[in-house]
Structures are given as structure tokens and as C-alpha cells.
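Undergrad: Quick one: sequence and predicted model below, then my questions.
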Amino acid sequence: MRCDYYDSGRCRSCTLIETPHAVQVADKQAGLERLVAQGAPGARPEWLPPLLSAESGFRTKAKMVVAGSVDAPTIGILDPAGRGVDLRGCPLYPEPLSASFPVLAELITRARLEPYDVPERRGELKHVIVTLAPSGDLMVRFVMRSTEAHARLVKHLPWLRERLPALAVATLNVLPEHKAVTEGEREIVLTERASLTMELGAVALHLRPQSFFQTNTAIARDLYAQVAGWVDESAPATVWDLYCGVGGFALHCVREGRRVTGVEASEQAVASARLSAAEMDDAGVAGADGATFVVGDAVAWATSQPAVADVVVVNPPRRGIGVELAAWLEASGVSRVVYSSCNAVTLARDLAAMPSLVPVRGRLLDMFPHTTHYEAVVLLQRR
Ligand SMILES: C[S@@+](CC[C@H](N)C(=O)[O-])C[C@H]1O[C@@H](n2cnc3c(N)ncnc32)[C@H](O)[C@@H]1O
């Protein structure tokens, strides 16, 4: 794929962009197979064909750094000297996201939101984070050093809504510290609605500002369908979804007579998952009343249960499930585990700690084209 920002050297984030997409995916597939073979020597998993993303317009969440000045803000990234590089035409974003960037730039000027100057440690607005729902609705979060501009944001919200009619949720996130993170802990919701509805077929996930959501919604939909299909094969009566976020896997796995338990550290994400389950139940989705969600540490929760579920789905952060949970699953007697991973290095390490759970099937999901990253999902079956 061609990108003017890349060709001109203004942005080099997509490190593989010069490699044809098919070659990128083939290389990732080879790397994944190599890592799984290292983690599970002797296993011969059946590799299903990779699930391919669109080459452009696939990123449904934009985390843009704001820099420049109130009258000429940049929305994009910082260069090595900490100056803003405007990337509002970045081809990774779908049109509704790209179309929001000039409007947000205009809002910055109108509401006098002073961009944060990293080298000088001066200013207020650090990032804008925009998420697009399948319905076209948008969530816009302004990450600011303080609440200094709160009243001005509220004042200009009607203007923003007029210019961005799809705006469903707007928030002010407060990040006072000078550190390289995207957002702070405090979130002030500026709109009546506090969550974005991510409609994925029969399941509507509710995304609150601080909850995790996969950045490529089309591939996330495929991922949930793939995992639900594997889970259904053994008709389990009980399923756990560890690291469940807003409940993507768990809610795709509800079936009549099945008990599904999601476990997640974020209280807000669990509140969203519970809401989705209740809505599905109200809508008459069979088995939705069998879904429960627990706030807690996945490792502490799982390892304190008297018995394991028939199938365990895990989707940990990049660090993987770690030695303690891997050892517990290995000893638990669980017959099937579905491991969805965004880091095949930690996946391989975890597989090595579960030698009785053998990868029998796997699939690469092309979640992050033009980068070295990908999602991988592996079905493990007890020897
Ligand atoms: C890769 S995300 C997966 C989310 C979800 N499965 C999905 O598809 O959207 C990892 C999730 O693990 C949660 N998390 C991180 N550490 C955790 C822990 N120790 N126990 C439970 N959840 C944790 C994060 O809040 C995040 O929602």
C-alpha cells in the first residue's frame, strides 16, 4: 500500500508498508507457526487460512497526539524532537474517523484548547482518542492536563454535535502527569450517553471510555465467531472467558443451558458486559441468562475455583497468562482451552508451561496490517 506520510518520511509507524500485504501475512504465519512449534514441540496443529483484514480503513480506534498551536493544531504523532506531525489523512482510518479530524481541529481553535507542548511541558490538550462503532456512532475523548477547559468544552459541545452528528459520547480525560501514556484515570463524561454501542451481529457490546476494545472491529467480529465455533464443537456446559474485557468472547458463547463466566480486572468493563447480557436476555437470546461476569484478577480467581470449566477461553494482555495460571490450567484437568493472543512470543512461552494441552488448530487474524503485530488464536486439547 502507498502512503504519502510514509514515503515523505513524516511517519514510519507502518514498518511493513512497503512489503506486499500477502507477503506480510505469509511472513507472520510462518513466524507464528515457528513460535507455536517452539512452545509445543511435536504438536501438528491444523492451520486454518489467515483471516485477512482490509489493507486500509480498518483501524476503528484512533489515538492521535495533538500538538502545534491553538490556531494551527496538528493531529497525529510527535517527531523525535517532540514537535507535532499532522496525520489527519492517515489511510489506516475509515472515512468517518478521518472526517472527524478536521472538525476536531476546528473545535480546538474555537474552544481555545491549547495543545500540550511536550518539550516545554506547557499547554493542556495532549490527545484526542476517537472510536467508531459499526453503526457509525463516534466516541471522542479529549485527554487534557487538567480540567481548565472543561467549561469551554461543554459550551462548544452543541457546535461539535452539529458538525459531527454521529457523536454519541464525548469525554474529558484528565492526565496531569508528564509521562508517555495515552490517558489518565479520571474521566468526565460530557454527553448523556457514557458508552458506545458496538453492534456485532447478535451481540451488542457496550464500550465505555476506558475499556479495552480490539482496534480492528471487522477482524474482532471474525475472531469472536471463530472462537464461539470452536467452543460449540464440544457442547460444553460451562465456559470461562478469562480477561473478558466488555465480554466479546463470553457473550458470543452463550447457549441454552450453558453457564458462561467472564472474569476481568476492569470494573467498568464488567458493568458493560453485564448490561449486554441483560439486554440479550431481554431480547430473548437463549442462554443469555447463563452469563455472569466477575470483577477480579483472572489468575487469582481461576486458581481459587474448586473445579475448572469444560472449556476455558483466555485472551490476556501482551504479557500472556503467565506461569501461575498456565501451571494451574495444566494441572486442572480442563479438556479444551482456546487461547487468543496478540503476542505469539508469550503465547509460545505459555504453551511450553502447559505440555498436556496440545495445539490442535490455529488461525492467524490479520488485526494490525503493515506492522509486525497480529492476533493468533489456538485451540488446545488435552492429550
Ligand atoms: C487483550 S484484552 C482482551 C479483552 C477482551 N477479551 C476483548 O476481546 O475485548 C485484555 C483484557 O485483560 C484485562 N486484564 C488485564 N490484567 C488482568 C488481570 N490480571 N485479570 C483480569 N483481567 C485483566 C484488561 O483490562 C483487558 O480488558
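TA: Nice, I can see it. Note that the coordinates shown come from a computational prediction; the quantities given were computed from them, not determined experimentally.
Undergrad: Could you check how far Val65 is from Arg221?
TA: 29 Å (Cβ to Cβ, to the nearest Å). In short, each C-beta sits where N, CA and C put it, glycine included.
Undergrad: What of Met64?
TA: Separation of Met64 from Arg221 (Cβ to Cβ) stands at 24 Å.
Undergrad: Phe293 belongs to a helix?
TA: No: counting by DSSP: H, G, I helix; E, B strand; the rest coil, Phe293 is not found in a helix; it is strand.
Undergrad: Next, count neighbours for Leu200.
TA: Leu200 sits with 17 neighbouring residues when counted by other Cβ atoms under 10 Å.
Undergrad: Looking at strand pairing, list the partners for it.
TA: On the basis of DSSP bridges, Leu200 is bridged to Val203.
Undergrad: quick one: it and Pro134 touch, right?
TA: Yes: counting by Cβ atoms under 8 Å, Leu200 touches Pro134, with 7.0 Å between them.
Undergrad: any shared contact partners between the two?
TA: Thr217 (Cβ atoms under 8 Å, 6 or more residues apart in numbering).
Undergrad: How many residues are close by the closest residue to the ligand within the stretch 151-300 of the chain?
TA: The stretch 151-300 of the chain approaches the ligand most closely through Gly245 (2.7 Å), counting by Cβ to the nearest ligand atom. By other Cβ under 10 Å, 23 other residues sit near Gly245.
Undergrad: Next: the one 4 residues further on.
TA: Number of residues near Phe249 (other Cβ under 10 Å) recorded here: 25.
Undergrad: which residue ranges form the strands in the stretch 201-350 of the chain?
TA: 203-207, 238-242, 259-264, 291-295, 311-314, 336-341 (DSSP state E, counting those that start in this stretch).
Undergrad: got those as CSV, with mean neighbour count, distance to Val103 and mean pLDDT columns?
TA: Formatted as CSV, the strands of the stretch 201-350 of the chain follow (neighbours: other Cβ atoms under 10 Å; distance: least, Cβ to Cβ, whole Å; pLDDT from 0 to 100):
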stretch, mean neighbour count, distance to Val103, mean pLDDT
strand 203-207, 22, 21, 95
strand 238-242, 26, 37, 98
strand 259-264, 25, 33, 98
strand 291-295, 19, 36, 98
strand 311-314, 27, 39, 98
strand 336-341, 24, 35, 98
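Undergrad: Report the residue spans of the stretch 1-150 of the chain with pLDDT below the cut-off.
TA: Judged against pLDDT under 70, the stretch 1-150 of the chain has no low-scoring part.
Undergrad: And the helices in it?
TA: Taking DSSP state H, counting those that start in this stretch as the criterion, the stretch 1-150 of the chain contains helices spanning 4-7, 21-39, 95-110, 150-163.
Undergrad: next one: the stretch 251-383 of the chain
TA: Counting by DSSP H, counting those that start in this stretch, the stretch 251-383 of the chain has these helices, from start to end: 267-282, 298-303, 322-332, 344-352.
Undergrad: tell me the mean pLDDT over the first one?
TA: Read that as helix 267-282. Helix 267-282 comes out with an average pLDDT of 96.
Undergrad: what's the answer for the second one, then?
TA: Across helix 298-303, the average pLDDT comes to 98.
Undergrad: what residues does this protein put near the ligand?
TA: The chain has residues 212-214, 243-246, 248-249, 263-266, 269, 297-298, 315-317 near the ligand, with proximity defined as Cβ under 6 Å from any ligand atom.
Undergrad: now these: which count as buried?
TA: Among the residues of the chain next to the ligand, those scoring as buried are 212-214, 243-246, 248-249, 263-264, 266, 269, 298, 315-316 (criterion: 16 or more other Cβ atoms under 10 Å).
Undergrad: about what we covered before: adding distance to Glu46 as columns, could you present the helices of the stretch 1-150 of the chain in CSV?
TA: As requested, those are exported to CSV (distance: least, Cβ to Cβ, whole Å):
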stretch, distance to Glu46
helix 4-7, 36
helix 21-39, 11
helix 95-110, 37
helix 150-163, 50
